[in-house]
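Peer 1: requesting a structural model of the entry that follows:
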Amino acid sequence: MVTISGSVNKAQAIHTIADSFNNLPTLVDHSAWVKALHEREDVTSTGIGGGVALPHAQHASISAFSLALGRAPTGIAFAAKDGRPVRLFVMMAAPTTDRPTYLKVLAGIAVRLHVPTVIERILTAESPAAAIEAFLQD
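Peer 2: Here you go, the predicted model:
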């Protein structure tokens, strides 16, 4: 769980959370993937509303799906669909070899994050392990 504090913009928030993927052996070209994240964000914001964003990108240098949770207690302007600041981020790195799974994972995350109690449990979790448990909990 990455916590973003202070006054940061959308690009800085993406970089801060993406840095948590830096040493993954399944992500060979971190810089290229971060560029792909920004290019994806340029198409349309991944701010899905309700204070949630799902920054994600596929890249050829990625060999396995990876997720990271991030939170910004004071919220970040993220051009979300509802115009609200984003407080919770779920970032995904995905291989280009499995588009169907990529779309299923994105949809599953989006459905999960439309449940306000799930969002609040993640945002108030006292540890990364508790945040992951809150995300996975029914």
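
Peer 1: quick one: contacts for the residue lying closest to Ser127 once chain neighbours are set aside?
Peer 2: Counting by C-beta to C-beta, 6 or more residues apart in numbering, Met1 is the residue found nearest to Ser127 once chain neighbours are left out, at 7.7 Å. Every residue, glycine included, has its C-beta placed from N, CA and C. By C-beta atoms under 8 Å, 6 or more residues apart in numbering, the residues touching Met1 are 69-71, 125, 127-128, 131-132.

Peer 1: low-scoring stretches of the protein, by residue?
Peer 2: Along the chain, the model assigns pLDDT under 70 to residues 138.

Peer 1: just the helices from it, written as ranges.
Peer 2: Per DSSP state H, the chain carries helices over the ranges 10-18, 30-43, 99-112, 116-123, 128-136.

Peer 1: buried deepest among those helices, which one?
Peer 2: A comparison of the helices of the chain by mean neighbour count, using mean count of other C-beta atoms under 10 Å, puts helix 10-18 on top with a mean of 19.

Peer 1: circling back: just put the contacts of Met1 in TSV and tack on distance to Ala13.
Peer 2: Converted to TSV, the contacts of Met1 look like this (distance: C-beta to C-beta, whole Å):
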residue	distance to Ala13
Leu69	13
Gly70	7
Arg71	10
Ala125	19
Ser127	21
Pro128	18
Ala131	17
Ile132	20
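
Peer 1: state the pair within those that is farthest apart.
Peer 2: Using C-beta to C-beta, the contacts of Met1 span at most 14.6 Å, a distance reached by Gly70 and Ser127.

Peer 1: of the two, who's got more company?
Peer 2: Between Gly70 and Ser127, counted using other C-beta atoms under 10 Å, the more crowded position is Gly70 (25 against 9).
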